[in-house]
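> structure for the following, please:
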Amino acid sequence: MKNLSIPILILVLVFASCAVIRPGEVGIKQTLGKFAAEVKVQGTILYNPIISRVIKESTKTSNIKLVLSLPSKEGLSVNSEISILYRLQANKVASVLENLGQNYEDVITSVFRSAASDVCAQFFAKDMHSGMRADIESEILKKMKINLELQADGVVLIAVLMKRIQLPNGLANSIERKLQAEQDAMRMEFVLDQERLEADRKIINAKGERDAQIIISEGLTKEIIRIKAIEAFRELSKSTNAKIIITDGKTPFIVGSQETDIKK
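Take a look at the predicted model:
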């Protein structure tokens, strides 16, 4: 048993002093407080557990979620739900740990609060609820990068997302009333445009009919009228029904099978 205890003890010490680095994370050895120059991406790291330790950090995209009140240009407080997307650069993890420590997310959050307050104070509350939200997010991200780079190199800020904005009740109601009024005005303008188009159509149609009548009246002569009347009488004569046609005497008095009877 004594002969076996020594190898078992050695195996326990080996496994206790071995760290496994999985995909999506990095490991860096810290010996007597000093970080090693090499950052391990995947695999195993052997270390002396008495004087060393291995710190593992994720290099995947992480999400910091915050719910806080942001100031506006008019002095209102706007409640917002924020997401900060970031990741660590694998080869610069030592810089992050040396300058910010393992609680670097607290530093990122503090930098965001400062940048968000400065940027949002330049915009009206309604801007945070409109198409200018993307501009506000972009300005906050730029300011965060500047402030964070002064403290450490190795944190990649990907995006700042203002997912939910809750305006003060009074302002929200005012904005809703304004939007409703704008929609009503747009609807009324559409109706008026339709009415104007319909009126223009009727005017054009009336002008067309008037011009057609003028053209027809100018082209009608007594001879043409007489020819048309004869053609009309001929068409009537083809009918088997009895007909009585009264004229001014210049056209056939009766056309059809009943002509003889009526003359009598």
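> against residue 47, how distant is the nearest residue to residue 46 once chain neighbours are set aside?
Of all residues not flanking residue 46 in the chain, residue 18 sits nearest, at 5.6 Å (CB to CB, 6 or more residues apart in numbering). Heads up, the C-betas are built off the backbone N, CA and C, glycines and all. From residue 18 over to residue 47 the distance is 8 Å, taken as CB to CB, to the nearest Å.
> neighbour count: those two, which is higher?
The neighbour count for residue 18 versus residue 47, taken as other CB atoms under 10 Å, is higher for residue 47 (18 against 13).
> wait, that one sits on residue 28?
No - counting by CB atoms under 8 Å, residue 47 does not reach residue 28; the two are 10.5 Å apart.
> need the residues touching each of these two.
residue 54 (CB atoms under 8 Å, 6 or more residues apart in numbering).
> helix or strand right after the longest helix anywhere in the chain?
For the chain, the helix with the greatest residue count under DSSP state H is helix 169-219. Scanning forward in sequence from helix 169-219 by DSSP states H and E, the next helix or strand is helix 222-237.
> hmm, residue 44 and the residue nearest to residue 46 touching each other?
Yes - using CB under 8 Å, residue 18 makes contact with residue 44 at a distance of 5.5 Å.
> and the strands in the stretch 51-200 of the chain?
Using DSSP state E, counting those that start in this stretch, the strands of the stretch 51-200 of the chain run over 52-58, 62-71, 77-88, 155-166.
> shaky segments in the chain?
Within the chain, the stretches with pLDDT under 70 are 1-16, 168-176, 178-179, 217-223, 225, 239, 241-264.
> and the helix or strand harbouring residue 38, how far out from the chain middle?
According to DSSP H and E, residue 38 maps onto strand 34-40. Centroid displacement of strand 34-40 relative to its chain, using CA atoms, centre = their mean, to the nearest Å, is 44 Å.
> can I get that strand as PDB, trimmed to CA atoms?
This file holds the C-alpha atoms of strand 34-40, laid out as PDB (Å, rounded to 0.1, in the frame of the first residue of the first chain):
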ATOM      1  CA  LYS A  34       2.800  38.300 -12.200                       C
ATOM      2  CA  PHE A  35       1.000  37.300 -15.400                       C
ATOM      3  CA  ALA A  36       2.800  35.100 -18.000                       C
ATOM      4  CA  ALA A  37       3.500  36.500 -21.400                       C
ATOM      5  CA  GLU A  38       1.800  33.600 -23.200                       C
ATOM      6  CA  VAL A  39      -2.000  33.400 -23.300                       C
ATOM      7  CA  LYS A  40      -3.300  29.900 -23.900                       C
END
